[in-house]
Structure formats: C-alpha cells, structure tokens
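Enquirer: can you look at this prediction? I've put the sequence above it.
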Amino acid sequence: MRSHPGVGRFVTPLHERTLPAMEREIRKVVVLGANGAMGSGAAETFAAYGYTTVLLARDLAKAQQGLDRVKSMAKAEKIADLCSLGSYEADLENAVQDADIVFEAVSEDMTIKRPFFERVDKARKPGSIVATVSSGLSIREMCAGLSDDFQKNFLGLHLFNPPNVIVGTEVIPHGGTDPELTRWVIDFCQKKLGREIVECADLPAFAGNRVGFKVLNECAQLAEEHGPAYIDALLGPHTGRAMAPLATIDFVGWDVHKAIVDNVLANTKDEAHAAFAMPGYMSNLLGQGHMGNKTPAKGGFFRKVKDGKVTTLFVLDPKTCDYKPAAEVAPAPLDFVTEMQKLHRVGRYRQAMQVFLAASGWEADLMRKVILGYVSYGLNRVGEVVREPRDVDRIMGFGFNWAPPTVLTDLMGVGETIAAIEKADLPVPAVLTDHAAKGGGKLFREKFVDVGRFFVGS
C-alpha cells in the first residue's frame, strides 16, 4: 500500500480487500452552501437517491434558490419532499447534531471554510462524516486543530460540475482520516450514489484539476498571442474533449479558475510549473468583474449580446481587453483539423490520431505540444497523486469528459506516443516506457466504455 507521509494515503484497492467495510446507516445529510452550483448539485444527488437532505445557506431565500435548482436538475417537484431548508445563523447547529453526513460546499476559501468546520465540530454527533467538496485546497489544513473524532471522519469528496450529470468523483483522505472510513465512503459513493471513484493524495488540486487546469491555463496563456477563437478551434472536441478549453474556463468561472491555478502555482514545483501562472490580462479583467458565463453582461473569453431576437457572439482580444464580433475574428479552417473531425464523425479514431501525428506546420506543432503535454503531465502524476494510470484515466474521462491519456496513447500507439513526446521536448512518463518494454498492447482498461464517447463533439 503506497502512502504519502503528511499529505494523504491510499487505501487498499477494492479487489484486494480482506475485511468488510464498517457498518453505517445514512439517513440524513446536511449540505452547507446549498445555493451554489456544487452545493445544490450535491443536494440533488443525495436527495435523488432517497436521503433526507437539509439545504443550508446564508439565509432562507438563498436556501430556497438551492432547492429550486435541485428541483430543476431532478426535473421533479417531488424531490422537495426529501428536502428541508435553513440558514447558517439559525439552523446549523440543530441541523448537524443528528446528521450522518455533513457536506461542505461554501466558497473555495480556507478562511471562509474553517469557521464552518469549527461550528460543525462542536455540534456534530461523534462518528458522523464531514466531507468537503473543495476543488484542491489542503484537506489536512482544513481540519487541523479540530477534535480527533472530526479529523478521523473528515475527507475530501470532490464532485465535478454539474454533479447530477458528471459521475466522476475524487475521494481525498488526509493523513489522519480513518482508513476504514475512506473504504466505507468509496463503497457508499460507488454503490449508493452511482459515482465513478478515484482516490487521490492530499496534494494541491488533487488529480483531475491538477491535470485539467494545467491544460486550460496553458491554453489561456496561448490565447494572449493567438486569440481565444483560434485556440478553441485548434484544440476543440476533435482533440478529445466535450468542450473547447477556453469555453470550459468560461463555464467553470474565472474566479474558480484563478483559485485552482494560484493554489497549484504556490504549492507545487513540478515539470510544468510555469503553465499554472494565470495570464495578466485574465487577472486584470477578473478584477473588473469578468468571470465568464456567470457574469453574462461582462463575459469572459466570449460574451453573448442579445438585441431583440438576435444574439451576437463577441470574442475577447487579450491584447486590448476589448471584444470583437466572432464573425470578424473567426479563424480560417485548418485542413488537418477538418480531416480529424471528419474521421471522428465516422468512428475512425485511430486514423484521426495518425493525422494528428503527421500534420505539418507550426499550428500542428502547437496542437501537439498541448495535447502531448496533457498525456505526459497526466501520466507523470501516477505515483505522486494517484496510484495507477487507470486513476488518471477515470477522473479525466468521467470527471472532465476528456479522452483519457491512455486512450490517446492507444490510438496513436505507445511507441509513436513516446517518440512524439520526445520530439515535443516533453518528459516521457515511466508508465509509457515500462509499458513499451513489456511489449505494448492496450493501456485503457475500462470495460463497457466506447472510446468514441470522448470525440462526440467533433
């Protein structure tokens, strides 16, 4: 069993267990921050599986907003029968005293989260589970100094947005989490909530966001020179993602993006450290209230302006911080991109990736640098953040809806992938060299998963 002293540890894989998980009965779940996207999504997930769920927010009006979102996500008014509402000031202590799970989804800020945990610690019943949906803050630091029972029963449970649709989930114990609790939570999430689970070490941004936001921020850096429309056209769904990278940042929110990349930049030092430096133009615009889709009037990389029945898409010019009509800055189609898209649409994924490898010109080199960088960086996290390549595959595939690194490797061929990574002057993961030394063969090991699902947007 591999461990990471001081930052987290892995539990025994499901197939290697010899002891049953602890017995627990879940009747009541309390969600803090229930009006937000993650809070309401988590509340919908718990309530949809039949658990009594209490939605707590700053005030009852905010909690009601959360319930409205729950009903909308579930497409059922009846789900409200399992939900009740409350405010932090009036109801938190009473709500958590008999809760079996307290799920925290307040703002991604340690100074905001800590006071909530201190209140929960004083009011909760012994043995109750406390989980944070944090997208990458230190789990250990969140519970430092709290009671022993709180620390033993505290872990990260990182859902991806929207949780009612995306089933990929990271479980992140810290060094003091009871290993039996971790085992139980993994079982519960898989069997009772239908989640696809990856266990991660307690390191900044965990696995999915560490790998995913490296790529997203790298694209944001490249947009300063090439423009957002060009980058999203070059690195769109044909490269194995449900949504183009800069459109993804707008969807997630620039504020969330900044919190994640700043955290990784400040607290890690790896081979791609510079890729986490948020571009200055983004910081400046964020300071002016540009946060992407959540601020439609200001926008992010893209902004939609409605005039009567006509909606016009505008695109950010990072050099001037002005917006221009998309029609004026639309890049000319690239032949190799068009060919990849055509091949993906008829299920010829391997041939599409051969086009990817063979294309010439600086545009193709740029695309390969980013995508091969994703494969290299993702698989180099094996042994540091996750146990095995399958873990990276599962969180990128089921959390981000991106083609997992080993899917891309299988389609290109392991030898060809290694050669392309070396040519791009990127570090070759030991996972690939070890696999090649053993004779190669398929790396992607998810049963009943058609790799075509990762190229459906092409």
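Expert: Looks like it arrived, so ask away.
Enquirer: neighbouring strands - and their directions - for the longest strand anywhere in the chain?
Expert: Secondary structure assigned by DSSP state E gives strand 310-317 as the longest strand of the chain. Here strand 310-317 is paired, per DSSP bridges, with strand 302-307 (antiparallel), strand 322-325 (antiparallel).
Enquirer: report the distance from that strand to the chain centre.
Expert: How far strand 310-317 lies from its chain's middle: 27 Å, per CA atoms, centre = their mean, to the nearest Å.
Enquirer: for that strand, give the mean pLDDT please.
Expert: Across strand 310-317, pLDDT averages out at 96.
Enquirer: would you mark the buried spots in that strand?
Expert: Going by neighbour count (16 or more other CB atoms under 10 Å), the buried part of strand 310-317 is 314-317. Bear in mind the C-beta positions are built from the backbone N, C-alpha and C, glycine included.
Enquirer: quick revisit: switch the strands paired with strand 310-317 over to TSV; also include distance to Leu60, mean neighbour count and mean pLDDT.
Expert: Output for the strands paired with strand 310-317, formatted as TSV (distance: least, CB to CB, whole Å; neighbours: other CB atoms under 10 Å; pLDDT from 0 to 100):
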stretch	distance to Leu60	mean neighbour count	mean pLDDT
strand 302-307	32	14	94
strand 322-325	38	14	96
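Enquirer: now the ones you listed as CSV including distance to Glu339?
Expert: Rendered in CSV, the data for the strands paired with strand 310-317 read as follows (distance: least, CB to CB, whole Å):
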stretch, distance to Glu339
strand 302-307, 26
strand 322-325, 28
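Enquirer: which of those strands sits closest to Ala424?
Expert: Across those, Ala424 has its closest neighbour in strand 302-307 (28.7 Å, CB to CB).
Enquirer: show residues contacting that closest one.
Expert: Residues from elsewhere that reach strand 302-307 (CB atoms under 8 Å, 6 or more residues apart in numbering): 228, 246-247, 250, 296, 311-316, 323, 326.
Enquirer: just stretch 143-152 next, same as before
Expert: Contacts for stretch 143-152 (CB under 8 Å, 6+ apart): 117-118, 120-121, 124, 126-127, 130, 154, 174, 176-178, 181.
Enquirer: buried subset of those as a PyMOL selection?
Expert: The following PyMOL line selects those of the contacts of stretch 143-152 that are buried, judged by 16+ other CB under 10 Å:
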select buried, resi 117+120+121+124+130+154+174+176+177+178+181
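Enquirer: quick check: phi and psi on Asn380?
Expert: phi -80, psi -10 (degrees, to the nearest 10).
Enquirer: wait, what's in contact with it?
Expert: The contact partners of Asn380, by CB under 8 Å, 6+ apart, come to 270-271, 427, 429-430.
Enquirer: mind putting those residues in CSV, pLDDT, secondary structure and distance to Ile197 included?
Expert: Formatted as CSV, the contacts of Asn380 follow (pLDDT from 0 to 100; DSSP: H, G, I helix; E, B strand; the rest coil; distance: CB to CB, whole Å):
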residue, pLDDT, secondary structure, distance to Ile197
Asp270, 96, coil, 25
Glu271, 97, coil, 27
Pro427, 97, coil, 28
Pro429, 98, coil, 23
Ala430, 97, helix, 25
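Enquirer: take the contacts of stretch 143-152 and keep only those in helices.
Expert: 117-118, 120-121, 181 (DSSP state H).
Enquirer: specify the beta-bridge partners of Val198.
Expert: Per DSSP bridges, the residues bridged to Val198 are Glu170.
Enquirer: relative to Val211, how far out is it?
Expert: Val198 is 11 Å from Val211, where distance means CB to CB, to the nearest Å.
Enquirer: shared neighbours of those two, which are they?
Expert: Listed as contacting both Val198 and Val211 by CB under 8 Å, 6+ apart are Ile395.
Enquirer: next one: stretch 209-224 to chain centre, how far?
Expert: 13 Å.
Enquirer: again, but for stretch 172-184
Expert: Relative to the chain's own centre, stretch 172-184 is displaced by 21 Å; criterion: CA atoms, centre = their mean.
Enquirer: okay, now that stretch: how far is its last residue from its first?
Expert: Start-to-end span of stretch 172-184 (CA to CA, to the nearest Å) is 13 Å.
Enquirer: now do the helix or strand harbouring Asp410: which elements does it pack against?
Expert: Assigned by DSSP states H and E, Asp410 belongs to helix 405-412. Packing partners of helix 405-412 (3 or more CB pairs under 8 Å, 6 or more residues apart in numbering; DSSP states H and E): helix 349-358, helix 362-379, helix 389-398, helix 414-423.
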